[in-house]
Every structure is written in C-alpha cells, then in structure tokens.
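S.K.: Pasting the sequence and the predicted model now:
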Amino acid sequence: MNKQKQKILFLLRLFMIVLLIVSVPWYGSLSFHQTQLLGMPAWVTRALLCYGLIVIINLLVWVLLSRWSREMNHR
C-alpha cells in the first residue's frame, strides 16, 4: 500500500477517534445539556450523530481496504 493510501486511512481513523471524544457528554455547558434537539437532550443527539458518523467512516475504511487489497491481488 502506498503512502497516500496509508495517509487516507490514518486520517479517517483519527477522525473516528476525534468523534468518539466529541461524543462524550461532559463537554459543553450546563445550558447545552438542558437543550432539546430532535426530542432528546442535545448531548444525546450529538452522541448519536457522532456514533452514526463513526459507523459510516468505518464502513468507508472497510470498503477502501477491500478494494485496495483486490487491486493488489490482481496485479
């Protein structure tokens, strides 16, 4: 795997870690924790959105790795 592909995977994985940190509910002001978004406390909405993005990014990483490994096998 070349350096560019490794960098892409690294950045995607780093973004997943950042999303995990952002999803932790103790970040934010007291008023943020009392705010309602989509019928749920704002921190719950933020956490669910972060988890959903993590799933999508993880699927993207899996697809990229699968595609790149097939390309390597067909050479």
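M.R.: Yep, that arrived.

S.K.: Strands of the protein, residue ranges please.
M.R.: 36-37, 40-41 (DSSP state E).

S.K.: By mean pLDDT, show me the worst of the ones you listed.
M.R.: Mean pLDDT is lowest for strand 36-37 among the strands of the chain, at a mean of 84.

S.K.: Just give me how far stretch 4-13 sits from the chain centre.
M.R.: 13 Å (Cα atoms, centre = their mean, to the nearest Å).

S.K.: what does that stretch contact?
M.R.: The contact list for stretch 4-13 (Cβ atoms under 8 Å, 6 or more residues apart in numbering) reads 57, 60, 61, 64, 65, 68. (Glycine included, C-beta is placed from N, CA and C.)

S.K.: Sort out for me which of those are in helices.
M.R.: 57, 60, 61, 64, 65, 68 (DSSP state H).

S.K.: thinking again about what came up before, which stretch among the strands of the chain is buried most, on average?
M.R.: strand 40-41 (a mean of 14; mean count of other Cβ atoms under 10 Å).

S.K.: so what strands line up beside that strand?
M.R.: Sheet pairing for strand 40-41, assigned by DSSP bridges, gives strand 36-37 (antiparallel).

S.K.: Low-confidence bits of the protein, can you list those?
M.R.: Residue ranges of the chain with pLDDT under 70: 27-28, 32-33, 75.

S.K.: same thing but at 90, please
M.R.: 1-2, 24-39, 41-44, 68-75 (pLDDT under 90).
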